[in-house]
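**Student:** Sharing a model prediction with you, sequence too.
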Amino acid sequence: MKDFKVLVSLIVLVFFVNYINYMMPNRDKLDRKINLLESKIEREKQLNMEKLNPKDLEFSYEKFFFNAQKYNYSQAMGKFQEIINKSTKSICNVHKLQWAQVPTNEKNYDILKINITLECTPKNIFAFVNKLRKNDILFYMENVKIYKIGKKPVLNISMQIESFRKSYEQ
């Protein structure tokens, strides 16, 4: 009888140690969720109190996109290339910079693409991206491939940088 009680208590102990942690709710996780929800509720209350106008929320496409009335395709690509060259100047070595053949047309905008291959140190990659971000024009990096060149402390980066050109008003 004593052996049976010891066996039952050992089984209960094994069950408790192995399975109870998975069954009990995680208090830290629940506390983080509660704090996150409370902060979101406070933010929503502040937004509702501000009484924003629709005009306050509007932005001009001319600030973030190239304007098709101002720039044709080659002018927009030239300006786009100029911005990229200014961002890489004295930071990275540009090995290849190639325009895409034809812009991808969407309903209200064209997607402008430039394929670029750079040689940079890891620290300078971030400096290049930060210089690009300082411009008002919206950029999007796609197909980024980074690999090391031999034993040099330099990385070779190839990517496709995209920007947008707003079409004429319909």
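**Tutor:** Happy to help now that I have it. Residues are numbered from 1 along each chain as shown.
**Student:** What's the first helix or strand after the helix or strand of the chain with the lowest mean pLDDT?
**Tutor:** Lowest on mean pLDDT, DSSP states H and E among the helices and strands of the chain sits strand 104-105, with a mean of 66. Toward the C-terminus, strand 104-105 is succeeded by strand 109-120 as the next helix or strand (DSSP states H and E).
**Student:** Figure out how far that next one is from the centre of its chain.
**Tutor:** Mean C-alpha position of strand 109-120 versus that of the full chain (C-alpha atoms, centre = their mean, to the nearest Å) differs by 16 Å.
**Student:** What strands line up against it, and which way round?
**Tutor:** Counting by DSSP bridges, the strands paired with strand 109-120 are strand 93-99 (antiparallel), strand 104-105 (antiparallel), strand 155-166 (antiparallel).
**Student:** buried stuff in that strand?
**Tutor:** 109-110, 112-114, 116-118, 120 (16 or more other C-beta atoms under 10 Å). Just so you know, the C-beta spots here come from the backbone N, C-alpha and C atoms, and that holds for glycine as well.
**Student:** For Tyr22, state which of the residues you listed is nearest.
**Tutor:** Cys120 (46.4 Å; C-beta to C-beta).
**Student:** Can you tell me how far the closest one is from Met159?
**Tutor:** 11 Å (C-beta to C-beta, to the nearest Å).
**Student:** helix or strand for the residue nearest to Leu155 when sequence neighbours are not counted, which one?
**Tutor:** For Leu155, ignoring the flanking residues on the chain, the nearest one in space by C-beta to C-beta, 6 or more residues apart in numbering is Ile146 at 5.4 Å. Using DSSP H and E, Ile146 falls within strand 140-148.
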